[in-house]
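1. make a model of this:
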Amino acid sequence: ITIRNSSCFKYIWVSTDDKLIAIEAQKYGASVHHRPDKLARDETSSIDATREFLDNHITIQEIALFQCTSVFLKTNYIQEAITKFKSHDCVFAAKRSHYLRWKMIDGSLVPADFKLSARPRRQDWEGDIVETGMFYFSKRQLIESGILQNNRCSIVEIDAEDGLEVDTTHDLTLANYILSSKTKIDL
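-> The predicted structure follows:
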């Protein structure tokens, strides 16, 4: 519904192997691309599924891939991505992270991106840009070469609280709680 409400797309497709998802997509005006079983597995990459879609829709030159696990998609994010996509090869959703990262090197724990002697305060630095997976706008030529992004990308910086990905039952519980809290606040 959010994608349709953005008024940015002439066509909206849902790629699925599931009959119930297909029925629901059509109920809301989307066209259905019937994804083959070999590309409808948990381990299937987005790039493989997108490439298969483009192989079957040869006139499409640009694509916006929205992940159904990103439940806090907003129309203003889509509209900003459309604007940026006019001057970039690709656009994707990202959020800021102000966590100090560590990594293991040869069995030792070391700071990944800061010096122990000059430990930054998280509120004093811009933070890292972290890809959320909410959406990817890309050109056919990139996807055909096996990538969604290149060095001519832009991002839409989403609110951190909108970056929740629903990949587990815990994530779903958290998303439902957030939605019910927002509904109470908005009333």
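
2. could you use CA atoms for every contact and neighbour count after this?
-> Fine.

3. in stretch 96-115, what counts as buried?
-> By 16 or more other Cα atoms under 10 Å, the buried positions in stretch 96-115 come out as Arg96.

4. tell me which residues are up against that stretch.
-> Here stretch 96-115 makes contact (Cα atoms under 8 Å, 6 or more residues apart in numbering) with Pro120, Arg122, Gln123, Trp125, Glu126, Gly127, Asp128, Ile129, Val130, Glu157, Ala160.

5. below-threshold pLDDT in this protein: ranges please.
-> 182-187 (pLDDT under 70).

6. need the strands for it, in chain order.
-> Remark: strands assigned in the chain by DSSP state E are 13-16, 31-34, 62-66, 90-97, 102-105, 108-111, 128-139, 153-157.

7. and these: which comes nearest Val166?
-> strand 128-139 (10.6 Å; Cα to Cα).

8. tell me what that closest one is packed against?
-> Applying 3 or more Cα pairs under 8 Å, 6 or more residues apart in numbering; DSSP states H and E, we find strand 128-139 packed against strand 62-66, strand 90-97.

9. quick one: buried residues of it?
-> Glu131, Thr132, Gly133, Met134, Phe135, Tyr136, Phe137, Ser138, Lys139.

10. for stretch 168-177, same thing?
-> Neighbour-count burial for stretch 168-177 flags Leu172, Ala175 (criterion: 16+ other Cα under 10 Å).

11. what lies in contact with it?
-> The contact list for stretch 168-177 (Cα under 8 Å, 6+ apart) reads Val71, Leu164, Glu165, Val166.

12. I'd say the third one and Thr69 touch.
-> Yes: counting by Cα atoms under 8 Å, Glu165 sits close enough to Thr69 to count as a contact (5.4 Å).

13. residues bridging contact with the two, i.e. touching both?
-> What both Glu165 and Thr69 touch, as defined by Cα under 8 Å, 6+ apart, is the set Met134.
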